[in-house]
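K.L.:
Everything below, folded, please.
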Amino acid sequence: MDEVIRKEARAKLSYARISSRKVKVVIDLIRNKPVGEALATLKFTPKAAAELVEKLLKSAIANAENNHDMDVEKLYVAEIFANQGPTLKRIRPRAQGRAFRIRKRTSHITVVLKEKE
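P.N.:
Prediction:
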């Protein structure tokens, strides 16, 4: 009966042109961290995925502040995950008339922010 309604802010990036495997390395660094620390970590992480995740995290913070009236100082990364999206299949010509398949993988990245009590 005494259910507490937990506020959460989400942001999702669909069809990011990067493999979810490469994104998972970066998102593991910021899981369960306060947003300030998470942004600082992403800023100095030399991976291509870091830039995408940083932009997504900023979007989630803006959603929390503007749509849910949450306090930015209390926010932390409650959930963050990257799922595999559709794969674009391309052909690479090879010797003697053969063709090799190139898989251009995509991912769907989701960030969920919550307030610390």
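
K.L.:
From now on I want contacts and neighbour counts done on CA atoms only, so please keep to that.
P.N.:
Noted.

K.L.:
Would you map the helices across this protein?
P.N.:
Counting by DSSP state H, the chain has these helices, from start to end: 20-30, 35-43, 48-67.

K.L.:
any chance of those helices in JSON lines, plus distance to residue 84 and mean neighbour count?
P.N.:
Putting the helices of the chain into JSON lines (distance: least, CA to CA, whole Å; neighbours: other CA atoms under 10 Å) gives the following:
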{"stretch": "helix 20-30", "distance to residue 84": "6", "mean neighbour count": "17"}
{"stretch": "helix 35-43", "distance to residue 84": "21", "mean neighbour count": "17"}
{"stretch": "helix 48-67", "distance to residue 84": "14", "mean neighbour count": "18"}
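
K.L.:
Between the ones you listed, which one is closest to residue 99.
P.N.:
Smallest distance to residue 99 across the helices of the chain (CA to CA): 25.6 Å, for helix 20-30.

K.L.:
got the angle between the closest one and helix 48-67?
P.N.:
On the basis of axes from the mean of the first three to the mean of the last three CA atoms, to 10 degrees, helix 20-30 is oriented at 60 degrees to helix 48-67.

K.L.:
What is helix 20-30 packed up against?
P.N.:
Here helix 20-30 touches helix 35-43, helix 48-67, strand 75-84, going by 3 or more CA pairs under 8 Å, 6 or more residues apart in numbering; DSSP states H and E.

K.L.:
which outside residues touch that helix?
P.N.:
37-38, 41-42, 45, 47, 49-50, 53, 77, 80-84, 105-108 (CA atoms under 8 Å, 6 or more residues apart in numbering).

K.L.:
tally of neighbours for residue 11?
P.N.:
A count of nearby residues for residue 11, using other CA atoms under 10 Å, gives 20.

K.L.:
That one and residue 42, how far apart?
P.N.:
Shown here: residue 11 relative to residue 42, a distance of 16 Å by CA to CA, to the nearest Å.

K.L.:
same question, residue 34
P.N.:
Computed as CA to CA, the residue 34 to residue 42 distance reads 12 Å.

K.L.:
what bits of the chain have low per-residue confidence?
P.N.:
Low-confidence segments of the chain, defined by pLDDT under 70: 1-5.

K.L.:
Put together a markdown table for the helices of the chain, with distance to residue 7 on each row.
P.N.:
Converted to a markdown table, the helices of the chain look like this (distance: least, CA to CA, whole Å):
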| stretch | distance to residue 7 |
| --- | --- |
| helix 20-30 | 20 |
| helix 35-43 | 16 |
| helix 48-67 | 9 |
